[in-house]
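Asks: structural data only, the sequence is not supplied:
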């Protein structure tokens, strides 16, 4: 018995001598939790890839979990936690919300390696630049994701109209009752695209345009995720303001569905921030760094999103998910290789955000009749 | 000798003291449970509705509701939908009940069982399944377009009419069950008397038979109304947002806008108030019209003519076919890959089942764990309640009975929200809020499904004659002893039926748990919602199929044990 104890002790000492650095301070915590509007398709894959990476690199088993929640709800919960958050990371939604959280001191600085931080350009798009990271370091973009339109080719063919390429194509009288969209009061992608229309056409004409779209709308869904679902199934012909990856997820699930990002389609950087008071700050930082590495970016590129840095391009062997994604999104491999036109102005959008929602309630939701 | 006598007297005194103390303690526990987990949360949500963010009492919230045309339209639509569904289910439900009870035809027993099936349609997937078959790209429309060259799909489902259709096909058995129950209780002598004075056919039906079934029917109608009134999943899938239940749900789940959140609470409180109002009205109406006898009578069935039989079978078959649409849709969606614009899926896979059973068994495990615990609670609290109602003259019995019925009338959404508001404070000793402990789920399920256990136990207690317990008492078995040795063996069947019903409906519960569930606590129904929200209707359908199978087995067992008395469960 004693001999065994001594042997064990000796073994421990030897092991300790070799691996002192790791044994004394584990590089990251064994847990990581996030709250996110980014759907399961992406966040599950990202968390799983990170867990594998942590196991390989540090031999740490990280218990990963996510609370899925729409942007408004996720934001609301972070505020309600008042600095004692139940998760470590908030991921996705409008970057303006992240600035609001930073003002309330609910975020800590991201503090990743200089190299990773610098690999991300400050902004993309003209005439209005879309910020891709916070100048004060409170949030960082993770992937580029256009909010475009989707359509069902077979239904388009049956209606005898050309495949939609621009926003205005959704106003085709033959699409009466055939468009699905989510209320901007319930979805950040819809809200942003409504804002794009108002910026493109000016306030008055913008609302005229949106009312016409409502006239063609056959279904207001309760969540943005439902829009590509009902179009993929063929319940409706076209969908408005759909994040590219949600459409691609339907494509991978075996549906015949097409995606277009028309001119001025808003491109979100899917911001990520570490919450102040997070229980697992090291794991959170490691997660952010991992997502910005090539391996992390690949998780996105294989699922219909685009790299956040010019360093990488969506590509893979023929027939790979990455190539399928390129074909699906109209041949785009990187948003840094093309001109990105953007009219969405963060400051304007924030200022009229409440008015937009209110006007939607009174002008569209309250008067909308199913065509 | 005297010593021994004294000792035995002391013992029996202590025993009778204990036998008096124990029931008193039990009554106390029952009341405490109801006060803490039912009365307090409801008072809390009422207070929320009548106060502002700073906690000041105000009527401003209701004034805001009354000024908003969209909310008023929602209120109007909810009432129209509720009443419309009651009307539609009444016609169908009565017809089916009459056929089943009064006539004999081929396949009567089979139809009797099949009638129960629509009720177990799980939340959300039922309506999803319906859209898969009847939607704009559903099987029916695809066939119409492919075979008859229809240019545009027929809109069967999106809109208020779709909600009405789905709810009617789902809920008509509630009417049928209650009417079957009531019809079986009618003393044939009454109808014979009517016939002897010349009232036959339609006159007899309207003047004698229908009034006699009123109590059972009203109870069923009330349940149909409340169910439709508080269901938000069906309208959301069908794109109908201008209903009270949808507005409550949509306003509550976004919590950024505090004003909207408050309006969500106000709407929930309003729904509770309306539900209570309808309940009270219904009970008043029923109380003065209760003519039925307690016992079941032997009903003589009339054999239908061959033509009549064909008609009855055709009607019931069509109805069953319609009510089975959701199941067909769910089953196809759970195995069909990329199903779009073809009558049936062209590619099949078991991947969705694999994902929900093998990869994430937590949904199933949690469902059984929470529903199981809830049923234990239901029995622990519900059987004593039934006993108090049936066997004692304790003060507060009427209130107890009222509370028990009230539970049936309160929308699950409102209960879920009430719990969030009522139990979101750190408990002493534990240091965490009840809302952050998973035990809250079995608790809310137990409260929601308590009435079924109470009713099951109560109705069989009524059938056990008091004299049996008195006989037991005369040979020295009192209180608990007589309950355990005499009463329990006689009523276990009723308790079991009630408990199984509580269990099955707990598994199906989706409104309250949806608000209270946190990461890791997901039940099958929460899983259905989260898969649906994540865009994976197929996985949601696979979970739905599992839920349907479990519920169908429960119903079969209940049906075997309870027979025709199942209807009493809803009254």
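Replies: Looks like it arrived, so ask away. Bear in mind the structure is a predicted one, so any value in this text is a computation, not a measurement.
Asks: what is the neighbour count of residue 50?
Replies: Picked chain A for this. 23 (other C-beta atoms under 10 Å in any protein chain shown). Where you see a C-beta, it was placed from the backbone N, CA and C, and this is true even at glycine.
Asks: chain B was what I was after
Replies: With other C-beta under 10 Å as criterion, residue B:50 counts 15.
Asks: who touches it in this structure?
Replies: B:57-59, B:61-62 (C-beta atoms under 8 Å, 6 or more residues apart in numbering or on different chains).
Asks: just the buried residues from those residues, in PyMOL please.
Replies: Only the buried entries of the contacts of residue B:50 go into this PyMOL selection, using 16 or more other C-beta atoms under 10 Å in any protein chain shown:
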select buried, chain B and resi 61
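Asks: just checking, which of the contacts of residue B:50 belong to helices?
Replies: Those of those mapping onto helices are B:61-62, per DSSP state H.
Asks: give me every residue in the stretch 1-150 of chain A lying close to chain B.
Replies: Applying C-beta under 8 Å from any C-beta of the partner chain, we find that the stretch 1-150 of chain A lies next to chain B at A:33, A:39-41, A:65-68, A:70, A:72-73, A:75-77, A:79-80.
Asks: what's the nearest residue in chain B when you look at chain A?
Replies: Residue nearest to chain A within chain B (C-beta to the nearest C-beta): residue B:338, separated by 2.6 Å.
Asks: how close does that residue get to residue B:84?
Replies: Computed with C-beta to C-beta, to the nearest Å, the distance linking residue B:338 and residue B:84 is 37 Å.
Asks: residues near residue B:430, how many?
Replies: 10.
Asks: okay, now the unreliable bits of the chain?
Replies: I went with chain A, as the question did not name one. Along chain A, the parts satisfying pLDDT under 70 run over A:1-25, A:371.
Asks: I was after chain B.
Replies: B:1-20, B:255-256, B:287-300, B:478-479, B:562-571.
Asks: can you list the domains in chain B?
Replies: Domain ranges of chain B: B:23-48+B:351-571, B:68-340, per automatic domain parsing.
Asks: now those in CSV, with distance to residue A:140?
Replies: Below are the domains of chain B laid out as CSV (distance: least, C-beta to C-beta, whole Å):
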stretch, distance to residue A:140
domain B:23-48+B:351-571, 25
domain B:68-340, 23
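Asks: ok, which of those domains comes nearest residue A:97?
Replies: Residue A:97 sits nearest to domain B:68-340 of all those, at 9.1 Å, using C-beta to C-beta.
Asks: you'd agree residue B:418 is up against residue B:41?
Replies: Yes - the criterion here is C-beta atoms under 8 Å, and residue B:418 meets it with residue B:41 at 3.7 Å.
Asks: more neighbours: which of the two?
Replies: For residue B:418 versus residue B:41, the count of surrounding residues by other C-beta under 10 Å is larger for residue B:418: 27 against 23.
Asks: what helix or strand is the more buried one on?
Replies: Assigned by DSSP states H and E, residue B:418 falls within helix B:412-422.
Asks: does any bit of that helix sit next to chain A?
Replies: No - Helix B:412-422 does not reach chain A (C-beta under 8 Å from any C-beta); its nearest approach is 11.4 Å.
Asks: other residues contacting that helix?
Replies: For helix B:412-422, the external contacting residues (C-beta under 8 Å, 6+ apart) are B:40-42, B:44-45, B:48, B:230, B:232, B:245, B:248-249, B:252, B:264-265, B:268-269, B:271-272, B:435, B:440, B:444, B:447-448, B:509-516.
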